[in-house]
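Asker: coordinates for the following, if possible.
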Amino acid sequence: MKTLVGVLKVTEEEIAFLNKPTNGLKPNKIIRREIDYLPQEKNIFPDLTVMENLEMGVFISSNFFREELNNIFKMLPVLEERKA
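Answerer: From the prediction side, this is the model:
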């Protein structure tokens with residue numbers, strides 16, 4: 001996943017999503033292809049609230065985030081409970 005979204009650099013071959021290469025693309029271009037990466041490590045932003053952590057991951061596609069926030073909370077209700 002880290003290589004697909006550009007966090008790790010491709011050293012050989014090519015990385016593609018739906019038959020379209022992603023290696024070498026900037027993060028904003030990768031996000032526009034609706035590919036996101038949400039780190040699962042607990043120490044990424046330990047002092048931020050759940051909501052602040054979610055917002056950090058979508059600063060590039062903020063309109064999408066606002067539109068989909070309710071859907072995210074429906075799928076993962078525990079996040080809504082912990083957002084403050």
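Asker: before we move on, which element is the residue nearest to Ile72 when sequence neighbours are not counted in?
Answerer: With Cβ to Cβ, 6 or more residues apart in numbering as the measure, Leu79 is the residue that lies nearest to Ile72, at 6.8 Å, once sequence neighbours are left out. Glycine gets a C-beta too; all of them are placed from N, C-alpha and C. Element membership for Leu79 (DSSP states H and E) is helix 77-81.
Asker: cool, and Glu34?
Answerer: Counting by DSSP H and E, Glu34 is part of no helix or strand.
Asker: got phi/psi on it?
Answerer: For Glu34, the backbone dihedrals (degrees, to the nearest 10) come out as phi 60, psi 40.
Asker: and it, how many neighbours?
Answerer: Glu34: 10 surrounding residues under other Cβ atoms under 10 Å.
Asker: how close does it sit to Met51?
Answerer: 22 Å (Cβ to Cβ, to the nearest Å).
Asker: can you check Pro77 too?
Answerer: According to Cβ to Cβ, Pro77 and Met51 sit 14 Å apart.
Asker: doesn't Glu14 fall inside a helix?
Answerer: No - secondary structure of Glu14 (DSSP: H, G, I helix; E, B strand; the rest coil): coil, not part of a helix.
Asker: quick one: residues contacting it.
Answerer: Counting by Cβ atoms under 8 Å, 6 or more residues apart in numbering, Glu14 touches 21, 23.
Asker: report the separation between it and Glu52.
Answerer: Glu14 is 35 Å from Glu52, by Cβ to Cβ.
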